[in-house]
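> Following is a predicted model, sequence given first.
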Amino acid sequence: MSKLDQEDRKEIPAREYAFPEQRKEPLEDATHVRNAIARFNQIKGVTDDERDAAWKRIRAAAHKFKVEVNETDWRDIGK
């Protein structure tokens, strides 16, 4: 995974983040998708509705980049 600097982050459209309002967890490649799943429960200051929407974006990105996701719901992460 390439480390994104501040300028790189600004160039990524908000729709390509798991949490677009906060611009957290970019979903630009398979490595970033895996990272977003791993860090999902560490995101602070978001509602369950925002988490539901982020999980849908992550699942779509996982499908796009052929990342296997065993959990069907974000509440199942780590169980």
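Sure, I can see it. Model, not experiment: these values are computed from the prediction.
> all strands for the chain, in order.
17-19, 24-26 (DSSP state E).
> Just tell me which of these ends up closest to Thr72.
The closest of these to Thr72 is strand 17-19. By CB to CB, the value is 16.5 Å. Where you see a C-beta, it was placed from the backbone N, CA and C, and this is true even at glycine.
> Sketch out the low-pLDDT regions of the chain for me.
1-9 (pLDDT under 70).
> quick revisit: make a markdown table from the strands of the chain and add distance to Arg75 and mean neighbour count to it.
Formatted as a markdown table, those follow (distance: least, CB to CB, whole Å; neighbours: other CB atoms under 10 Å):
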| stretch | distance to Arg75 | mean neighbour count |
| --- | --- | --- |
| strand 17-19 | 15 | 24 |
| strand 24-26 | 17 | 21 |
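> Which one of those lies nearest to Arg59?
strand 17-19 (10.1 Å).
> who's in contact with that closest one?
Applying CB atoms under 8 Å, 6 or more residues apart in numbering, the contact partners of strand 17-19 are 23-27, 36, 40, 43, 46, 50, 54-55, 57-58, 61.
> and it, which strands flank it?
Note on strand 17-19: by DSSP bridges, its sheet partners are strand 24-26 (antiparallel).
> For the chain, just list every one of the helices.
6-11, 30-39, 48-64 (DSSP state H).
> could you dump the ones you listed to JSON lines with mean neighbour count and distance to Gly78?
Shown next, in JSON lines, are the helices of the chain (neighbours: other CB atoms under 10 Å; distance: least, CB to CB, whole Å):
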{"stretch": "helix 6-11", "mean neighbour count": "9", "distance to Gly78": "27"}
{"stretch": "helix 30-39", "mean neighbour count": "18", "distance to Gly78": "10"}
{"stretch": "helix 48-64", "mean neighbour count": "16", "distance to Gly78": "14"}
